[in-house]
Structures are given as structure tokens and as C-alpha cells.
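Engineer: Attaching a predicted model along with its sequence, questions to come.
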Amino acid sequence: MALWRVFTAIIIAICWKGCVGAKVEQLKVDVIGKAEHCEVKSKGKDVVSYHYCGRLTNGEEFDCSFNYGGPYIFTVGKGQVIEGMDKALTGVCVGDRLKITIPPHMAYGEGGSGNKIPPGATLIFWVKILQIERDGVNVVEPENMVDIFDKGKQAYFSENWPVSLYHMSTAAQLYNKQVSAITSCWSKCQQENNGSHLIGEAFVTFSYCVQKCEKRKLGRNFRFMDKKKIVSSLNSREVYNYMQHAQFKMGSPQEAASAAITYVHFNPTETSGHSNVRFYSAQKSVSTDVPIQGNPLPHVNAVRDAVAQYNAHNFEKSVELFEKAINLYRPAMEACFAECERNDSFAVPQTGSFTYDLALNYRNLLRCQLECPHKLEKIAGTHWDHLWAELYNFLQFSYFKVGKLDEAAAAVATAVLLWPDHKESRNNAVYYAKQGAAVEKFSAREEVISLLQELKSMRELAAFAEDTLTDNPAEDEMEVVEDHERTTRSSKQEWHPEGSLFSRGQFAPLGPPKAPITRLDNNTD
């Protein structure tokens, strides 16, 4: 009897594998919609961006790229995706819409994957190819991000949440790619011009360098932003506000929370955004400790990570992360400068004189760039006054807590240079001197002094331009008010580069250093 049961089980297993498995032995790619024009097909080493939704044969969805706020990106032939998907997306065109049926042995096999893909599962993917890059260049011209954003809004107000999310995430991806390219090209070309101000021959050289670099990174036919109203929405990352609500409506609160936090970071005065973040924070299944999306300035996420370790009293780690944030401060400033390069909101109307128009635009560029120290103080929905100085303030105390007195002395000297009126930093410096820190260690960091000198030169040049140039003899009163506000804010951060902290005299001895208090709070209105 036992032998008969074993024999029966073997027969059933063979039948199951032979009869059922035979149905899914082959990879199958059905073209649901063909691209209208296809001059280039994907091949090995190409980078392919696509949206997908994956289902089991019973129709149950196990994954969908729309839940992540952006398309999936992989390199063909590198084994970065399952075998069936890698082969299916070889030889495709931008704009293709595909139904891909992948047998188990080309997917996750008999082991399955997680709780959603059972052992031996055949997977069905619905895919749209968005973009193909070859050697860093798009093989076809991408759709205009402004038009995509407009389509997303139309779908949103029709309450077609999946379509809205698709268009919004695609527009955000294209915008972020453009901003990233502009920033990296600006920084590269500035370095090649030795960081000099863009005057005369340097201006021509820099402009040509940037244009050449952007064409290489974005493709020759990449459409730059041209509709100011919608572009303003993209600049403010309003797209993430639409995305958070669409994600919420589609039952993805974690992704919605991530989008909401990103929106609040770029729009710290929007009370509705803070309310949304508080709502998601109250959900037990949702974490608000997530990276900010949307190409924030390079230092932003590093500052958040450093503050989190500081608040946890993990000072060894906070030293590492505050140093990282500080090292990213200069790149963040350059990224902000680069954004001003592409900000045409301050472009002047033509006066009939090309050289005069050029001078006016350059003056307005300097105005924008001198706002960058203020813009860098925007972290996760909170405006953090004197952030540059505070990074060194937190760093000095973290160094003190791990017993590195000389490093604390150098950090506090830099903090005092950046914020001379900050009493606690000056008192802490006195304490470190009394504890034996060498006097020569109380010198501000050279990279900070260099950047301060650069900002000082920019202010002087901007002041000369303000005194010399006039947009219009009858300039309206609002512009005068805005200039006054800008000058007032700039004067509050008037730094004067100096070297040694103690070159300005000794201070009265005080007690142990006082710890700075963090002010990052996603729930702050």
C-alpha cells in the first residue's frame, strides 16, 4: 500500500511538471502598442527606463512602478533584473507598450520571492518603454516635461489617479534629470574657468562649455522648459503635492508620505503641506524618516542624517555625517548658483542695447546667486537660520564628546567666524583653550574662508551693478521694496574672512561647552 502511494505521488509530480509546466516554458512578448517611430532599438549596455505593473496568472498584482513615484531604470544585459525581463527588453523602442509573460525558470523559479510571488509562479508584466540611453545620451527626443505635467493635472482633476501619477512621476523624472545635468555642467565649467567671474572671454568660454555639456548629457533635442506658469510649478516641486494625493488615493500611504515630505521641504511656508505630513506621521505603518526626492541641494539629506545621529547621542557617527554635510555645502552652493543660471523669471525686457541687456541680466543673476546662502538654510520644511555656522557648531560639540579637542577647536573657530555674535560658540572656544587645545588649532577652515571671499567679491560686484544700472528711470515701488528686503537679509549674513579665532583677543573662562539644540522638525508650521 505504501509503495502504491509513492508510485502515485511520482506520477502526479511528473504530470504536474510536464502538463502544467509546459504551458509556461517559453518567454512570450506581446506588443500591445508599437512606437510610431523607431530608429534605434535597445541593446546590451543601454540604460532603459520603463513603467511596469506585474501580476500573477490569477490577476493578482504583486508590484507596480507607479507605487514608487518614478519608472524603473536598469542596464540591459547586466543581470540587474530577472532573466526574462532582461531578454524581453532587448530590441525594444521608446514608446513600445508590451505584455511580457515570463516562465518561472526565467523569473524566481521554485523559490518564489517574498510573500507576493509564490514558488513556480509565472509572471505577467505590462510595460511601457519611456527612455533609452546609449553612452549617456538619449537615443530619441523625450516628450516635453511641461506637456506631460499638464496631462497629469488633467488626469488628476478627472480623478484618474494611476494615469495622473504616471504623468506626474514622468515629468518629475525629466525635470530632475535636467536640473542634475545643469548643476553638474555648471560646476564642471566653473572649475575649468578656475572659478572666475563670468566676464569677457571667460563668459564666452563658460557659456559654450555649458551648452556642449548639457547637449551631451541630455541629448541634442532635449526640450528645455518654456511655459513659465507650469515651469514655476515644477521649480517649486508642486508635482509632488499632486503625487502624494494620488498615491494616497491608490492606497500607498508610505509613498504618499515620501512625496508629501519632499513637497514641504521645497515649500516650507505651505501649511497644508505640513498638515499632510502630520497626517502621515500619525499612521503607524508609515515612516517619515525618508530621503527627500526632487533633486534637493546636495547637503540636505546629509544634514538630516547627521542631526538624527546627534539627537540619538551617537557622536562618533554624527562627526562623520556632519563632516559629510559640510563637504557638500560648497557643491550645494554651486548647485544653487546653477539653478539661477536657468532661472529666466528675472530676465529683463529688451532695451534695444544688447550689451546693456546683458549687463542687466548679469546683475539679476548676481541677485539670485546672493540669495543662495539663505536658500541653503531650507531643510525639510524648516528654515534654519545660520545653518552654515550651525553645522560647525554641532560638529565641534560632537568632536568634544568623542574626546577630540583639537578638532573641536578648529570647528568652533570656523563656527565663530561664520557667526561672530554667537555667544555659546565663543564660550566653548574659551573652554577648549583652557582644556589644552593648541592655539594654532583655533583657525577657521581654508575652504570656508575661500568661499566667504568669493561671496564678498560677488556682493561688491552686485553693489556696483545696483549703483550703476537702472532697469527703468521710473522703476516701480515694488522692485524698490524687494531690493530693500534683499539687502537687509544679505546684511544679516555679512561675513568677514579671518584666520585665527584668538587673533581677536582672549575671553573670560567659562564652564564646559554647551550643546547646541537641533531645530529640524517635519511637523513645524
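Structural biologist: Okay, I see it.

Engineer: Give the buried residues for stretch 130-144.
Structural biologist: By neighbour count on 16 or more other CB atoms under 10 Å, the buried set for stretch 130-144 is 130-133, 138-140, 142-144. The C-beta positions use only the backbone N, C-alpha and C, and glycine is treated the same way.

Engineer: pLDDT check: weakest of the residues you listed?
Structural biologist: Across the buried residues of stretch 130-144, the smallest pLDDT goes to residue 142, namely 54.

Engineer: remind me, longest helix of this protein?
Structural biologist: helix 161-192 (DSSP state H).

Engineer: Could you look up the next helix or strand downstream of it?
Structural biologist: As assigned by DSSP states H and E, the chain's next helix or strand after helix 161-192 is helix 201-218.

Engineer: Against residue 418, how distant is residue 460?
Structural biologist: Separation of residue 460 from residue 418 (CB to CB, to the nearest Å) stands at 19 Å.

Engineer: For the buried residues of stretch 130-144, could you give me JSON lines that also reports secondary structure and distance to residue 43?
Structural biologist: Converted to JSON lines, the buried residues of stretch 130-144 look like this (DSSP: H, G, I helix; E, B strand; the rest coil; distance: CB to CB, whole Å):
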{"residue": "130", "secondary structure": "strand", "distance to residue 43": "17"}
{"residue": "131", "secondary structure": "strand", "distance to residue 43": "15"}
{"residue": "132", "secondary structure": "strand", "distance to residue 43": "9"}
{"residue": "133", "secondary structure": "strand", "distance to residue 43": "12"}
{"residue": "138", "secondary structure": "strand", "distance to residue 43": "15"}
{"residue": "139", "secondary structure": "coil", "distance to residue 43": "10"}
{"residue": "140", "secondary structure": "coil", "distance to residue 43": "14"}
{"residue": "142", "secondary structure": "coil", "distance to residue 43": "19"}
{"residue": "143", "secondary structure": "coil", "distance to residue 43": "23"}
{"residue": "144", "secondary structure": "coil", "distance to residue 43": "27"}
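
Engineer: Looking at these, spot the one nearest residue 212.
Structural biologist: Closest approach to residue 212 among these (CB to CB): residue 138, at 16.1 Å.

Engineer: so that closest one touches residue 218, yeah?
Structural biologist: Yes: at 7.1 Å, residue 138 counts as touching residue 218 under the criterion of CB atoms under 8 Å.

Engineer: Specify which residue of residue 460 and residue 418 has the higher count of neighbours.
Structural biologist: Neighbour totals were compared for residue 460 and residue 418, and residue 418 leads with 23 against 10 (other CB atoms under 10 Å).

Engineer: got a list of what that one touches?
Structural biologist: Counting by CB atoms under 8 Å, 6 or more residues apart in numbering, residue 418 makes contact with 386, 388-389, 392, 448, 452, 495.

Engineer: Show the pLDDT at the residue lying closest to residue 437 once chain neighbours are set aside.
Structural biologist: Spatial nearest neighbour of residue 437, chain neighbours left out: residue 409 (4.0 Å); criterion: CB to CB, 6 or more residues apart in numbering. Residue 409 carries a pLDDT score of 90 in this model.

Engineer: Going forward, the N-terminal residue is numbered 32.
Structural biologist: Shifting the count to begin at 32 puts that one at residue 440.

Engineer: For residue 309, see how far away residue 440 is.
Structural biologist: Residue 440 sits 41 Å away from residue 309 when distances are taken as CB to CB.

Engineer: Look up phi and psi at residue 123.
Structural biologist: Backbone torsions for residue 123, taken as degrees, to the nearest 10, come to phi -100, psi 170.

Engineer: Residue 74 is in contact with that one, correct?
Structural biologist: No: taking contacts as CB under 8 Å, residue 123 lies outside contact range of residue 74: 9.9 Å.

Engineer: Which one of the two is surrounded by more residues?
Structural biologist: residue 123 (23 against 13).

Engineer: quick one: contacts for that one?
Structural biologist: Applying CB under 8 Å, 6+ apart to residue 123 gives the contacts 72-73, 79, 129, 160, 163.

Engineer: try 10 Å
Structural biologist: Residue 123 makes contact with 60, 62, 66, 69, 72-74, 77, 79, 81, 107, 129, 158, 160, 163, according to CB atoms under 10 Å, 6 or more residues apart in numbering.

Engineer: For the closest residue in space to residue 87 that isn't next to it in sequence, give me the pLDDT.
Structural biologist: Setting aside the residues directly before and after it, residue 87 is nearest to residue 152 in space (CB to CB, 6+ apart), at 5.8 Å. On pLDDT, residue 152 comes in at 94.

Engineer: Look at residue 152 and say how many residues are nearby.
Structural biologist: Neighbour tally, residue 152, other CB under 10 Å: 22.

Engineer: same thing with residue 336?
Structural biologist: By other CB under 10 Å, 19 other residues sit near residue 336.

Engineer: how many neighbours does the closest residue in space to it that isn't next to it in sequence have?
Structural biologist: Nearest non-adjacent residue to residue 336, counting by CB to CB, 6+ apart: residue 352, 5.1 Å away. Using other CB under 10 Å, residue 352 is surrounded by 22 other residues.

Engineer: how about residue 352, what does it touch?
Structural biologist: 333-341, 345, 425-426, 429.

Engineer: Tell me the buried residues in the one helix or strand it maps to?
Structural biologist: Assigning secondary structure by DSSP H and E places residue 352 in helix 346-358. With burial defined by 16+ other CB under 10 Å, the residues of helix 346-358 counted as buried are 346, 348-350, 352-354, 356-357.

Engineer: Please apply the same query to stretch 266-279.
Structural biologist: 266, 268-279.

Engineer: what's the least confident helix or strand in this structure, going by average pLDDT?
Structural biologist: For the chain, scoring each helix and strand by mean pLDDT, DSSP states H and E identifies helix 508-523 as the least confident one, at a mean of 43.

Engineer: Many thanks, I have nothing further to ask.
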